[in-house]
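*Asks:* Could you work out the structure for the sequence below:
(chains A and B, ligands or ions: 3)
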2 protein chains.
Amino acid sequence: LTEESANVTNQETLSKATLMNFEKFSGRHVGPRETDVEAMLRVTGLSSINELVQKTIPNEILFNKPLNMKEGFTETECLERLAELGKKNKVQRSYIGTGYYNTIVPPVIQRVILENPGWYTQYTPYQPEIAQGRLESLMNYQTMVTDMTGMAVSNASLLDEATACAEAMAMCFATRKSKRKHVFLVDDKAHPQNIELMRTRAGGMGITVRVADFRKPQEMDEDVCGVLIQYPNTVGAVADPSQIAENAHAAGAQVVMATDLLALTQLKPPGELGADIVVGNTQRFGVPLGYGGPHAAFMATTDKLVRKMPGRIVGMSKDRHGNPAYRLALQVREQHIRREKATSNICTAQALLANMSAFYALYHGPTGLNRIATRVHTLASVFASGVESQGHKVKYDQFFDTVCVELSSNLSTSELENRAGAKEINLRVLTAAESTTAAVCVSIDETTTEKDLNDLLWVFSNGGADSRVVTLSDYTDNSHPVGELVGYAYPHELVRTSEYLTHPVFNTHHSEAALTRYAKTLENKDLSLCHSMIALGSCTMKLNGVTTLKALSNPDYTNIHPFAPLDQAKGYYEMFEELCADLCEISGYDSVSLQPNSGAQGEYAGLMAIRAYLDSKGQQERNICLIPSSAHGTNPASAQMCGMKVVAVRNDAKGNIDMADLHTKVNKHSDNLAAIMITYPSTYGVFEEGIRDMCDLVHQHGGQVYLDGANMNAQVGLCRPGDYGSDVSHFNLHKTFCIPHGGGGPGMGPIGVKSHLAPFLPTHNVVKIPGGGIGPAENDGNSDQAFGMISGAPFGSAAILPISWAYIRMMGPEIVKSTHLAILSANYLASRLRGHYEILYTGTNGTCAHEFILDVRKFQQSAGIESIDIAKRLIDYGFHSPTMSWPVNNTLMIEPTESESKEELDRFADALISIRAEIKEIEEGAADHTDNVLKNAPHTAEEVSSDKWEHNYTRSKAAWPVTDSSTSKFWPTVGRVDDVFGDRNLRCTL
Amino acid sequence: LTEESANVTNQETLSKATLMNFEKFSGRHVGPRETDVEAMLRVTGLSSINELVQKTIPNEILFNKPLNMKEGFTETECLERLAELGKKNKVQRSYIGTGYYNTIVPPVIQRVILENPGWYTQYTPYQPEIAQGRLESLMNYQTMVTDMTGMAVSNASLLDEATACAEAMAMCFATRKSKRKHVFLVDDKAHPQNIELMRTRAGGMGITVRVADFRKPQEMDEDVCGVLIQYPNTVGAVADPSQIAENAHAAGAQVVMATDLLALTQLKPPGELGADIVVGNTQRFGVPLGYGGPHAAFMATTDKLVRKMPGRIVGMSKDRHGNPAYRLALQVREQHIRREKATSNICTAQALLANMSAFYALYHGPTGLNRIATRVHTLASVFASGVESQGHKVKYDQFFDTVCVELSSNLSTSELENRAGAKEINLRVLTAAESTTAAVCVSIDETTTEKDLNDLLWVFSNGGADSRVVTLSDYTDNSHPVGELVGYAYPHELVRTSEYLTHPVFNTHHSEAALTRYAKTLENKDLSLCHSMIALGSCTMKLNGVTTLKALSNPDYTNIHPFAPLDQAKGYYEMFEELCADLCEISGYDSVSLQPNSGAQGEYAGLMAIRAYLDSKGQQERNICLIPSSAHGTNPASAQMCGMKVVAVRNDAKGNIDMADLHTKVNKHSDNLAAIMITYPSTYGVFEEGIRDMCDLVHQHGGQVYLDGANMNAQVGLCRPGDYGSDVSHFNLHKTFCIPHGGGGPGMGPIGVKSHLAPFLPTHNVVKIPGGGIGPAENDGNSDQAFGMISGAPFGSAAILPISWAYIRMMGPEIVKSTHLAILSANYLASRLRGHYEILYTGTNGTCAHEFILDVRKFQQSAGIESIDIAKRLIDYGFHSPTMSWPVNNTLMIEPTESESKEELDRFADALISIRAEIKEIEEGAADHTDNVLKNAPHTAEEVSSDKWEHNYTRSKAAWPVTDSSTSKFWPTVGRVDDVFGDRNLRCTL
Ligand SMILES: Cc1ncc(COP(=O)(O)O)c(C=O)c1O
Ligand SMILES: Cc1ncc(COP(=O)(O)O)c(C=O)c1O
Ligand SMILES: O=C([O-])O
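*Replies:* Ligands and ions are numbered 1, 2, ... in the order given. Have a look, this model is predicted:
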């Protein structure tokens, strides 16, 4: 019996934690085991974590105490609490519509996509050779959108319909034919959240939104750059938009249509009605309501506009061997390159949800979708004739799914609402602004049953009136569609006659077995966190624990309409309060807005709050935003969208902000300084020393500090932006706080603010959420000063907030352990790689933060090797590349996170060291300058097993650089992809 | 606009089904789309499904009407009903123990194993080259079991602890040293279900079970072949079994110990205490209670006994390249080969659950498991001292988790039960037979909290007595284990000192990221239904729909103890009644027993019912069981276990039962005929014509008919065993009724019987389930005539019954569509292959049933090719082999099932046709006789990309026989495995 084993087999005395059953989640979340931590410290030349912290973070900003948070839950306790809070939500049947509809998520899609780490842990497909699966799925998505809308091209998702409307407006403005054109004309029957969001966005960009009654002929003058038509409109009416479109075009304006894909199975698509841009939400294609999101919005355009379209676009190109290969097309045509000229800041979007909706479309196929739509219209028609027979008036005879009912004088709105309440039914009662008469909209959807119809008719009856009972089977076996028979035919000219979804992919996978296999085939083409670490700098690709994700499988969370009354979402709200309190404690801020649903949205929201704050002080002239040249492209884009002028601040040789230049700039712009945007620790992975001074300096000159929170994973529990001088930050919950990246979204980017900014935080025009955000500084519901709206839904993508809540609540104050190990892991890797590679920009004591930059620039000269070659060669070793060429061109930025085991870190370091040796072979002439394992990487199975082998190196060297039996070889399914070819021969649909 | 597209895009009028929202599951369950069915009929030379049915099934047995079942649920309706029934179950906190304990299923294991089709859709790993993942996991399992028990070898799971006890008893009997040894001595403090099940089993085998008080010295005479000791025993006592073991050995008897793996982290393992065989249940290692199962039981033995051990064993061997490779060792050493000499009939076991428990062990590691166990013992000790201070008596001071409390006279049992009821707590009140005094057992487990302890103490208090409150933190920071401190130390000589789980695999994957990656690495080595069809004849590998599996994710179903009072399982019971009613309608039987948890268990149960029925008529002399030589090996094994004598009936040249031989045999054995076992359609895939006559004939001779229901998938809705003369059948729910095979279990094999057999159906000795099974013929609870017990739990593996319930309820009467398409798919494949291969044994009209045999025997002569070569070559094409060499040696039996699309069937046919061409190349000398693509198959990526290539054919021919971009190449991870080497050099632990 060795001493070590005695340890194991002897009965232990138990710690309090164990006795109380604190099977700590933190021990499962972090990768390195305790003995590993010691070994890692040793290699890094450190005696303790404390020494590492002291060396890495400027002393003056250290938060030297435990976070004041509740003890972490065990996973069991967390699941219990989640269920308990879920029960506090009240899931009523919703007929609210307004852009969000009940849908049946096919259980197979729920399991093989939404609940499958093989789909949800991936990053945006920047390495196409190991991402053909989800690229194909997004191509399906784009094809679905273009087919349904009748447009030429589509992007691979936007955040939500409301922001998509705003993006379309911005495109119309950016491509306007003359400077005069500053007016954007909006359908007064567009969804209210769409209108309001466009209003908010218009402000910063110098656009004037004019809301008009599109039922009347609109004169369009020279000022108009674009129009937006909602089709069918928010009260359900289906009307021909051709005249408006023609007038717009005649006036040199562009036509945007916001639409509903399900309706388009029946109605003539916007592409046949003159639309230049089409937007909408794919939510009702199998994505749960989720109290507002996440869902994938779409944008489709004409070929002419494709290069102006925001968001990612998947395109077809070819690989090195000439085989077809998908990849992101026209990459970074927007914010990364155009920066302060960008008109959109979108980065993280909604890839996972786009994939779900594409799978829904191909599971049902065109016939199935048409059947669903026909049924929806049939039931809506039966309902309409029912309420008419009750004495109410159907306001618009031509509708798809939404019936607008003008109540007869026998039934008051309040009585109707009582009756609806009794049946636990939510309806949309139009506001006085929306309708002068008492009117109610009822949106029918895929889930509506005969019983539901009869319950609805009961609600619309009143004491004396006809509580009619409909029997659906009365409506079968007719030779005409029911809608027509009962008097609600579509306008003849708007009946769709064109085909859609004719590609085989939409006509093949209709059985569950076939769908499963197709989904698995795609999944298996892609490298995800299930295979190996993904050390993408600035992306924080860490564990997405199963327990944290359980709300997404719980109908108490997923089945709530975003416009349900707040008191039906009490569980959510209680959770939001806990989450915001913890985020405030972690960040040192006073209040949080949960509305922004990406980091970039958070940036924009934060700057808008600053804008509104400055305006409230009469400082409209302050419009300069200082941004270091090293900043993420979303920073300048966001500033620009707020109407701020971006002034770049130089970086010094070490990657730090050049203090001299900063001084010059603040002095020069002192009168007009609005804000500075700083990423901290810097995008170079360094805790800059002068951070507090910088903040002070900007404040002295009357500016506000926006601290980009993308790198919070290096700070949590160690230092707090709110303490060292920042006024506002976004938190990428999909980085530091464990929302999985989903292959390009969903994400959430809530912002934390100091109390002076709280009154300006976003509000919502449909659901009256309290003003001032959530947290100590919230201001009891008064939202007079709010700058506007950020998302279509009051709490953004609410359904994924429980993920971050669960992560934080399970870590408790031990969350600092994540930070410790994130920093240690980065420094450990840096230590292992130093000597082989140069590390750019470490801090004053030689340590890095949670990430660092590998400088590979000199290999260009010595071996003709660039960062991309190393990136692709890593694939042969079974790894995803670190972040390539950002923030410094031709480098690799490595962020390991706390969740990787020492074994995995070592495997990764070994791979990079081995690649260094391969570069040396080129340098020394032992390997060819062009025909070598790096330039030809990655190597596919087809290539290395082909009958011909004409390289200067062996097949085994190509494909089996390591022999590690503990993992399986991951094969890229295509060779290196040719980006240039693809962009020249753009093809973005199947 | 083409006509076809008009179809799609026009508004349809809706069928009633669509209008009522019958989004039929049947359309998702079956593979071929409607147009495919037409094409398949055409190729098969048939005009309609009806013609196919008429040609295939003897007219005289056709069930020419729709099944009398409720209209099928939509998936949504099914999930609603499932939730509703779940709510009728009442999940109380259970301290019942008795072999089943609450456990925390780590959410990551729930998601990446239990809820992952990549793990649950696989077949038993008979093709090791594409099964290294789960073979490795089962090797982990075996190592876990051997380490914990201190034994040399373990099998890869048995059905449950009770049957494992019986299997051990049978081994002792089979290996007894003299014929005299017919007594098996059983600990009277073994779990009651273990004792009762051994009693049942002993009957048929001529063993006498003698129950004895092992606390007293036992004299063992020459009659004793073995003893079974429960350690710790059923009332929780931990006592040294060494003396009993010594005596047993001295008397030439073998020692079986039934034990608990968690206790063995603390207690000296059976292997150090003289055990020859060790059995138990791994349920508490992360497998939910599930109202009785499924869980993996284990059996571990000495090296000497390994070849006598029932069940599958994974062993290490090497592949063609000399690399280590796992595979099933000592295959078919039991029933397939030994047949009527077999002492066990186990076939389907509990692979999926074994894997779950192995993952649980490696997630916690030895330290974590020990900590859990220490905590359990600590809490039990605290509880014990609590009840003692209340005036009760702790009956056994030395326990692990179970405290046996003798109630003080102040508290009556009924008062205690009332108090427990008030707190929704289930306890185990000992029966009068179990304890002469009023005594209650309380089993503490991983989930028990401080609050639970205090609730328990409240229950044990009474009005006046001390309702003591314990504070766990009082017990920390001591220098001694709490158990010792409070007076409940383990017996010193029984404290474990030996190491366990020292292999790195148990000490590495402790973070969730690491565990996920390890599980995914293993998953990705294995071919499952996620990759391609698995056309295993007689196995019915069809869709396991996600909706059908949802109960396994619902605590209302998973968290119920099997011995909870029946009225806490009302939801389950209502579901059972629906399931049994439907099974009766489908089969023509009158009652169903849900207890058997595999097909083989069903066979045994059915024959035991026949045995009991005959005995009840005074026909003890009837003991001959006729079994065709083509029967599955479990048939004769089961008959043998019932004490019946097996007489083989010949098959004729067409694979049918030789009627002349049958006549001879029934005449010869007329006085002693007990039963015939017939598989129908036959194991050769043929609906034999004379089935009704055969049944009549056997009945005329006083025998009963057992119809093996493994092939029900060809019969459902078309013909019913109960109609054409059978008396009893089992239904492999894991075949026809969609329980996923799980890589070798779980399964369920309920039996249906005609009413005369119903009174004899199994009962349960702990939970008084109604006698007579469930169904029209059930007999109001009277179970006097029941033959005994089949499983440790009253309803076998209850938690998977909802799967079959859901499948049947969603299909409704349309379930016949499955049968139609299963038969059509088989005939379509046969048609496509005819001309290339010979098809053995079709029916009189040239059609086959749902499967058929491909005769490849002539290739032995013509090309030196055997079925195994074709099987392995199919792997290169991305397919799993059909059933190899069963029921006819050197053939392949193909069963496609109804769930495969025409595309997949074609892909499979194309592969086989292409392989036929490859064989022709050998026949014609174009390919080498030994160095060819078949003999060397499967080809690994390593091999085809290695630097050396010395074969007579190209690499591309080896690895890329088809270029089909629609699927990804599936690579075997090892080359062809050497079975002989492995069996000669047996190694069954890591
Ligand atoms: C430093 C930094 N800021 C902002 C963003 C934008 O965040 P999001 O992608 O969530 O919009 C990112 C994204 O990677 C980032 O790295
Ligand atoms: C014809 C037949 N009978 C019985 C069985 C035994 O069933 P189980 O494996 O469920 O014990 C099988 C299993 O494949 C079978 O094919
Ligand atoms: O996606 C990013 O640009 O980081």
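*Asks:* how would you label the residue nearest to A:Gly772 when sequence neighbours are not counted: helix, strand or coil?
*Replies:* Nearest residue to A:Gly772, sequence neighbours excluded (CB to CB, 6 or more residues apart in numbering or on different chains): A:Asn779, at 3.5 Å. To be clear about C-beta, it is placed using only N, CA and C from the backbone, and glycine gets the same treatment. The assignment at A:Asn779 comes out as coil when based on DSSP: H, G, I helix; E, B strand; the rest coil.
*Asks:* Show me the beta-bridge partners of A:Met299.
*Replies:* A:Val279 (DSSP bridges).
*Asks:* doesn't A:Ala166 make contact with it?
*Replies:* No. Between A:Met299 and A:Ala166 there is no contact under CB atoms under 8 Å: 10.8 Å.
*Asks:* Helix or strand for the closest residue to A:Ala674 other than its chain neighbours, just tell me which one.
*Replies:* Distances taken as CB to CB, 6+ apart place A:Arg622 nearest to A:Ala674, at 4.2 Å, with adjacent residues excluded. In this assignment (DSSP states H and E), A:Arg622 forms part of neither any helix nor any strand.
*Asks:* Pull the number of nearby residues for A:Arg622.
*Replies:* Residues within reach of A:Arg622, counting by other CB atoms under 10 Å in any protein chain shown, total 25.
*Asks:* which residues does it contact?
*Replies:* By CB atoms under 8 Å, 6 or more residues apart in numbering or on different chains, the contact list for A:Arg622 reads A:614, A:671-674, A:702-703.
*Asks:* One more: A:Thr208?
*Replies:* Taking CB under 8 Å, 6+ apart, one finds A:182-184, A:202, A:223 in contact with A:Thr208.
*Asks:* bridging residues for it?
*Replies:* Applying DSSP bridges to A:Thr208, the residues it is bridged with are A:Val183.
*Asks:* For it, give me the pLDDT.
*Replies:* On the pLDDT scale, A:Thr208 is placed at 97.
*Asks:* mind listing the helices for the stretch 501-650 of chain A?
*Replies:* Counting by DSSP state H, counting those that start in this stretch, the stretch 501-650 of chain A has helices at residues A:512-525, A:555-558, A:570-587, A:599-616, A:634-641.
*Asks:* Can you verify A:Glu900 is assigned to a helix?
*Replies:* No. Inclusion of A:Glu900 in a helix is not indicated when three-state DSSP is applied; the result is coil.
*Asks:* If I look at it, what pLDDT would I see?
*Replies:* 98.
*Asks:* That one and A:Leu829, how far apart?
*Replies:* Counting by CB to CB, to the nearest Å, the separation of A:Glu900 from A:Leu829 is 9 Å.
*Asks:* got it, and A:Ile915?
*Replies:* 14 Å.
*Asks:* what about the residue of the stretch 201-350 of chain A found nearest ligand 3, neighbour count?
*Replies:* Relative to ligand 3, the nearest point of the stretch 201-350 of chain A is A:Cys347 (5.0 Å; CB to the nearest ligand atom). Residues within reach of A:Cys347, counting by other CB under 10 Å, total 27.
*Asks:* Where does it sit: helix, strand or coil?
*Replies:* Secondary structure of A:Cys347, per three-state DSSP, is coil.
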